[in-house]
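>>> Predicted structure and sequence below. I'll ask about it afterward.
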Amino acid sequence: MTVVGLDDTDSREYGMCTTYVATRVAERLRRVDAAVERLLLVRLNPAVEYKTRGNAALAIHTDCDPGLAFDVARDELERTAETADERTNPGLVVADHAPDATSRSVREFARAAIREHLAIADAETTIADAGYRAWGAGNGRGRIGALAAIGSWDGAGSKAEGKGAADWTYEYISYRDPDRWGTPRTVDRESVFEAAESEYPDVWDTVDRGEDEMVCVPHTPGPILHGIRGDDSEAVRAVAGRIESEPVADAQLFVTNQGTDAHLRADTLENVRDGCAYRVDGTVASEPETRRGGHVFFTLVDGDVERECAAFEPTKRFRDRVRALREGDRITVCGECSRGTLKLEKVAVRDLVTTERVTPTCEACGRTMESAGRNQGYRCRDCGTSAAGREEVPLERELEAGWYEVPPCARRHIAKPLVRGEFDGPIHPER
């Protein structure tokens with residue numbers, strides 16, 4: 001077996017898509033009578049600053065001769081990668097072994113690429129130690145993702161910090177005719193919503209019903225017409241087949257770590273640092289505040305450690321869940337840390353404050369008492385009745401215990417939708 005890894009072929013300005021390049025490479029391998037077992041789509045650390053939108057790396061599992069596979073893939077990358085953009089630095093790595101036969105160092109590199117920041121030198125050293133063929137254009141940064149994609153099948157697609165059974169999902173991507181790239185997409189909205197409903201919840205994040213948005217249809221100038229994500233390979237194909245649109249020039253099924261939360265590190269608040277994503281517990285220490293732009297902020301505390309948390313405007317109705325938090329609520333938060341702030345992707349309400357202390361009411365006249373002076377309790381000026389201090393009354397809460405998430409229109413590719421299940425509490429999925 002041979003594994004072909006590639007990354008960084010697209011451009012924020014000019015378009016292209018690494019999944020499309022991988023599809024082209026796979027087609028060319030089939031033309032030389034090689035069998036292609038699968039294409040693997042791996043989402044790496046979403047906090048990396050030089051990424052394009054989804055930070056995807058690709059691997060092709062094939063029985064092609066490693067040398068021939070390298071030549072075919074390199075030729076395709078040189079033809080199609082958007083190297084006119086100086087920020088695009090394609091990389092290619094080819095391993096001459098089965099996908100599940102990677103060394104420990106390559107597996108660890110793959111896991112780190114999803115949760116950490118890695119340097120080009122890290123990739124170069126690991127590639128040399130493994131004896132892999134490699135090529136890069138520009139500074140060759142794409143070799144980081146290419147190597148990570150090679151090690152992912154055996155090392156990075158598992159649940160929670162690499163423990164437990166592998167957790168892979170699927171995406172079926174349909175591509176446009178190249179003559180249409182850069183023009184508005186023609187996709188029938190009604191057919192997309194009907195198709196999404198037909199296979200939900202096995203197929204998820206196809207649309208956002210609350211925002212009336214077709215999430216599966218990108219707005220970039222690249223080759224993708226639509227991408228359908230889910231837990232069942234036949235279901236994602238079926239949804240794609242029900243969508244009425246302009247002609248589909250090509251299509252490919254990918255096995256992927258999308259929708260798995262593979263990027264999250266379970267940790268404590270004191271260990272949170274910029275450039276990584278976390279799942280941490282804490283207590284709400286300030287009333288949520290809506291600031292300019294519609295962004296919502298509050299302070300999370302764990303012992304003596306405080307951290308600002310934010311639900312930014314693009315998370316839409318999720319902000320209402322965050323606004324409903326109160327000081328003293330115990331919660332779990334998930335999200336990336338940037339400039340010291342945790343950017344929320346999910347929140348689990350563990351323990352809600354259900355009472356509040358208020359100024360007492362006079363039982364005789366029903367009026368609110370007034371302070372009788374420092375440390376002297378309260379009294380009713382009209383009736384002369386008194387109370388030793390504030391009284392505790394039930395507090396109505398809009399929130400219930402359980403997990404809340406950003407809507408599909410704001411969800412990162414790698415973030416796990418609540419509808420997929422296996423969360424440690426009740427779920428309140430967004431559709």
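That came through, no problem.

>>> which residue ranges form the helices in the stretch 151-300 of the chain?
Listed in chain order, the helices of the stretch 151-300 of the chain (DSSP state H, counting those that start in this stretch) span 189-199, 233-242.

>>> got the angle for the first one vs helix 233-242?
For helix 189-199 against helix 233-242, the angle between stretch directions is 160 degrees (axes from the mean of the first three to the mean of the last three CA atoms, to 10 degrees).

>>> what residues does helix 189-199 touch?
The contact list for helix 189-199, computed with CB atoms under 8 Å, 6 or more residues apart in numbering, reads 203, 206-207, 209, 214, 216-217, 226, 230, 232, 235-236, 238-240, 242-245. (C-beta placed from N, C-alpha, C; glycine too.)

>>> What average pLDDT does stretch 344-362 get?
Here stretch 344-362 scores 89 as its mean pLDDT.

>>> Need the distance between the two termini of that stretch.
Using CA to CA, to the nearest Å, one end of stretch 344-362 lies 44 Å from the other.

>>> just to revisit the earlier point, now a PyMOL select for only the buried ones of the contacts of helix 189-199.
Burial among those is assessed by 16 or more other CB atoms under 10 Å; the matching PyMOL selection reads:
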select buried, resi 203+206+207+214+216+217+226+230+235+236+238+239+240+243+245
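
>>> Out of the helices of the stretch 151-300 of the chain, flag the one nearest Asp167.
Closest approach to Asp167 among these (CB to CB): helix 233-242, 14.8 Å.

>>> which other residues reach the closest one?
Contact with helix 233-242 is made by 170-172, 174, 191, 194-196, 198-199, 202-203, 206, 226, 228-230, 251, 253, as judged by CB under 8 Å, 6+ apart.

>>> Skipping adjacent residues, who's closest to Asp250 in space?
Leaving aside its sequence neighbours, Asp250 sits nearest to Tyr175 (CB to CB, 6 or more residues apart in numbering; 4.5 Å).

>>> wait, that neighbour sits on Ser245?
No - using CB atoms under 8 Å, Tyr175 is not in contact with Ser245, being 11.5 Å away.

>>> got any residues that touch both of these two?
By CB under 8 Å, 6+ apart, Tyr175 and Ser245 have these common neighbours: Leu225.

>>> got the buried residues for stretch 94-102?
Val94, Ala95, Asp96, His97, Pro99, Thr102.

>>> Next: stretch 263-281.
Buried residues in stretch 263-281, counted by 16+ other CB under 10 Å: His263, Leu264, Arg265, Leu269, Val272, Cys276, Ala277, Tyr278, Arg279, Val280, Asp281.

>>> Bridged to the nearest residue to the fourth one once chain neighbours are set aside, which residues?
If the residues on either side of it in the chain are set aside, Leu269 comes closest to Asp302, at 4.0 Å by CB to CB, 6+ apart. In this structure, Asp302 bridges to Val305 when assessed by DSSP bridges.

>>> Could I get the contacting residues of Asp302?
Each residue near Asp302 by CB under 8 Å, 6+ apart is listed here: Thr268, Leu269, Glu270, Val280, Asp281, Gly282, Thr283.

>>> so which pair among those residues is furthest apart in space?
Distance extremes for the contacts of Asp302: the farthest pair is Glu270 and Thr283 at 14.1 Å, using CB to CB.

>>> circling back to that earlier point, just the buried residues from the contacts of helix 233-242, in PyMOL please.
Listed next is the PyMOL selection for buried residues among these, using 16+ other CB under 10 Å:
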select buried, resi 170+171+172+174+195+196+199+202+203+206+226+228+229+230+251+253
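
>>> What residues sit buried inside stretch 382-396?
Thr385, Ala387.

>>> Sorry, wrong one. I was asking about stretch 396-404.
For stretch 396-404, the neighbour count (16+ other CB under 10 Å) marks Leu399, Gly402, Trp403, Tyr404 as buried.

>>> tell me how far the ends of that stretch are from each other?
Stretch 396-404 has an end-to-end distance of 19 Å (CA to CA).

>>> ok, the nearest residue to Gly293 once chain neighbours are set aside to Arg326 distance?
The shortest distance from Gly293 to any non-neighbouring residue, by CB to CB, 6+ apart, is to Glu313 (5.6 Å). Separation of Glu313 from Arg326 (CB to CB, to the nearest Å): 22 Å.

>>> Between the two, which is the more surrounded one?
Per other CB atoms under 10 Å, whichever of Glu313 and Arg326 has more neighbours is Arg326, with 17 against 14.

>>> Excluding chain neighbours, give the residue nearest to the more buried one in space.
In this structure, Arg326 finds its nearest non-sequential neighbour in Val353, 5.2 Å apart by CB to CB, 6+ apart.

>>> Identify the residues contacting that neighbour.
Arg326, Glu327, Gly328, Asp329, Leu395, Arg397.

>>> what do you get if the cut-off is 10 Å, keeping everything else the same?
Residues in contact with Val353 (CB atoms under 10 Å, 6 or more residues apart in numbering) are Thr283, Val284, Leu325, Arg326, Glu327, Gly328, Asp329, Arg330, Leu395, Arg397.

>>> isn't the first one right next to Arg330, touching?
Right, Thr283. Yes - assessed by CB atoms under 10 Å, Thr283 is found in contact with Arg330 at 5.3 Å.

>>> Distance-wise, check Cys409 relative to Leu342.
For Cys409, the distance to Leu342 - CB to CB - is 20 Å.

>>> Name the residue in those two with the higher neighbour count.
Remark: of Cys409 and Leu342, Leu342 carries more neighbours, 22 against 19, as counted by other CB under 10 Å.

>>> what secondary structure does Ile144 sit in?
Three-state call for Ile144 (DSSP: H, G, I helix; E, B strand; the rest coil): helix.

>>> Local confidence estimate at the closest residue to it other than its chain neighbours?
Nearest residue to Ile144, sequence neighbours excluded (CB to CB, 6+ apart): Ala123, at 4.6 Å. We have a pLDDT of 96 for Ala123.

>>> Alright, I will stop here.
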